[in-house]
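Asker: Please find the sequence and the predicted model below.
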Amino acid sequence: MTKFGKHEPTTVTGRQSKFKFANGYGASVINDGYGGDRGLYELGVLGPDENLTYQTPITDDVLGYLTPEGVADALDQIEALTETSIIGAQIEKERNERDVRIAELEAELAELRAARENETAEASR
């Protein structure tokens, strides 16, 4: 694979190009993943351990169907990652998960209250 924007791969192995940045993060780009059949690219964010990470503000999955410009944009975002932005994304994700769980518990509570009211009404008949 060639470079994307200003970014040249650190390593190229078969179908995969890997990029590594000074902040410790990187990317894996392939041309036969999501969108490969259309000549597009798939990108996964690599953490400091060089494994895929889903804990960044960029994505919680891989990015598919990317044009070369889209890959370059994603690489720019990965290069700009800071510890603060990653922690902020993790906090936001945890808040969202908490809010979903609260909504689930409130729905369960409403069901229990309704069931109790029905039992009370039936018992008083």
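Answerer: Perfect, thanks for sending it.
Asker: Only C-alpha atoms from now on, for both contacts and neighbour counts.
Answerer: Noted.
Asker: Show me the shaky parts of the chain.
Answerer: Within the chain, the segments meeting pLDDT under 70 span 1, 84-88.
Asker: Quick one: the helices in it, in order.
Answerer: 68-79, 83-123 (DSSP state H).
Asker: Could you check how far the closest residue in space to Ala74 that isn't next to it in sequence is from Arg125?
Answerer: Sequence neighbours aside, Ile58 is the residue nearest to Ala74 in space, at 7.6 Å (criterion: C-alpha to C-alpha, 6 or more residues apart in numbering). Relative to Arg125, Ile58 is positioned 59 Å away (criterion: C-alpha to C-alpha, to the nearest Å).
Asker: what about these two, which has more around it?
Answerer: Neighbours were counted for Ile58 and for Arg125 using other C-alpha atoms under 10 Å; Ile58 has more, 19 against 5.
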